[in-house]
Every structure is written in C-alpha cells, then in structure tokens.
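J.: build the 3D model from these lines:
(one chain, ligands or ions: 2)
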Amino acid sequence: MKFTYYGHSCFGIEIKGKKLLFDPFITPNKLAAAVNADEVEADYIFVSHGHEDHIADCVSIAKRTGALVICNWEIYQWLLKQGVENVHPMNTGGRKSFDFGTVKCVHAQHSSSLPDGSYGGNPMGFVVACEKNFYYSGDTALTLDMQLIPQGSPIAFSIMPIGDNFTMGIEDAVRAAHMISCHSVIGVHYNTFPYIVIDAEKAKAHFERNGLELKLPGIGETIDL
Ligand code: NI
Ligand code: MN
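T.: Ligands and ions are numbered 1, 2, ... in the order given. Below you'll find the model as predicted:
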C-alpha cells in the first residue's frame, strides 16, 4: 500500500490499484503550492467533516475524477446541491464494503459546519479494513471511545492530528495510539496555520520515548506502508 501526503490532513492511499483520497484541502494551502489539485487522482474521496480545511477541493476533484465521495448524511446532501452526483452517505457506527475493503465510520469529538455555514452533521473518523487495516481519526480530541477502534480489526497504522489547539496534540496522539494498540502513526493537521505549528523533531522524540513511531512524510512525498 502506498501513502501520499498532500499537506494538512489531505492524503492518498492506494490499495489494490484503487486510489483513496482523504479530506481534500490543497488549493488554499500555501504549504502545498507544489501539489496541483487538478492533477490529483481519486477513485474514492473520504470527507471526515465539513470544515473548509477538509473539503475545500472536494467538489472540483469529485467532478473531474468521478470519484465516489464517502461522507456523513449532511455532507452528502450538501454535495448533491453542489452538483456532485457520485456520493455515498454513511454515519457513525455504520460499516460498508467497497472493492478495496470495508469502511467503518467511527466517532470523532470535534465540530462540523460546511464552508457556507450549512450544518455539517457530526464529524467522523474512518476505520478501513483491507490488506493492512488503518484508522484515520479525522479532527478529534482524545476520547475513551477510541478503545473500541481495534475491536474486530487490529490497526496496522493510523493517521492522526498532532497540531494541538483544534485537535489532539502530540501527547494525546500518543495516548490515542496506545489506546488503539497501534505502533505506527502518521501525523497530520500541523504547521498549516500559525495556531498549529509544532516542533517536528520534538514530536518524533516524544513518540519514540513512548515506544511508538511517528512518520511525518513531506508534502508531495509517497511512502510504502
Ligand atoms: Ni475541523
Ligand atoms: Mn481541521
């Protein structure tokens, strides 16, 4: 499986030749200037919640690629109004099989409004069961609900926010990784805005001290998982 980082909380994961894109936010991100949103490929687009920094390029990429967008009910309805036709609605606790694997929507403790102020439903995380099961938490605080995440499918790696202020910071991300029994974490949602600037070396050292690995791929970089 290949993981490509597009900056902030936007990343692609390739599974069995299918391209999954998460939380497309590229065009407004100055740090991702080298990435062209018009060239990003996708067969599926996952949207964790309605905030601009997770959905900004969703409509344009969905229309260009015809990718199936997977999101909550309220974002589904909003995307239909924006003219996106290929959308699959889910909600927290729901599970559904696709050709790359099985998706389960899980609780995220955050908020969710759409860029035009529309109600965005509840934020979600995704557990994807495939060759290597993974968990993308979306924007969230640390919650005891995370204890439920690995049940039924041990998590090989997770993608979690580490920027603090709006979401978990590194201390809580370490606690979350322990809670889901996952050794390998890819950090996202940091450095994009002044509120969430971190010291990457300190963050990696904190994970290492706690027996965990924090991967921080560069923007545009692809790593093998
Ligand atoms: Ni958010
Ligand atoms: Mn966010």
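J.: just checking, next helix/strand downstream of the helix or strand hosting L21?
T.: Here L21 is covered by strand 18-22, with elements defined by DSSP states H and E. Moving toward the C-terminus from strand 18-22, the first helix or strand encountered (DSSP H and E) is strand 44-46.
J.: now that following strand: mean pLDDT?
T.: Strand 44-46 shows a mean pLDDT of 99.
J.: outside of the strand holding L21, which residues touch it?
T.: Strand 18-22 is contacted by residues 9-14, 40-46, 48, 61, 67, 99-100, 126, 128, 136, 159 when judged by CB atoms under 8 Å, 6 or more residues apart in numbering. Heads up, the C-betas are built off the backbone N, CA and C, glycines and all.
J.: and if you look at stretch 58-75?
T.: Contacts of stretch 58-75 with the rest of the structure, by CB under 8 Å, 6+ apart, involve 19, 21, 24, 37-38, 40-47, 49-50, 55, 76, 79, 82-84, 86-92, 98, 103, 105, 112, 114, 118-122, 124, 126.
J.: buried subset of those?
T.: Neighbour counting with 16 or more other CB atoms under 10 Å marks 19, 21, 24, 37, 40, 42-47, 49-50, 55, 76, 79, 84, 87, 89-90, 92, 98, 103, 105, 112, 114, 120-122, 124, 126 as buried within the contacts of stretch 58-75.
J.: which residues in the protein form strands?
T.: Using DSSP state E, the strands assigned to the chain run over residues 2-5, 11-15, 18-22, 44-46, 68-72, 87-90, 95-98, 101-107, 124-129, 134-136, 157-161, 184-188, 213-215, 222-224.
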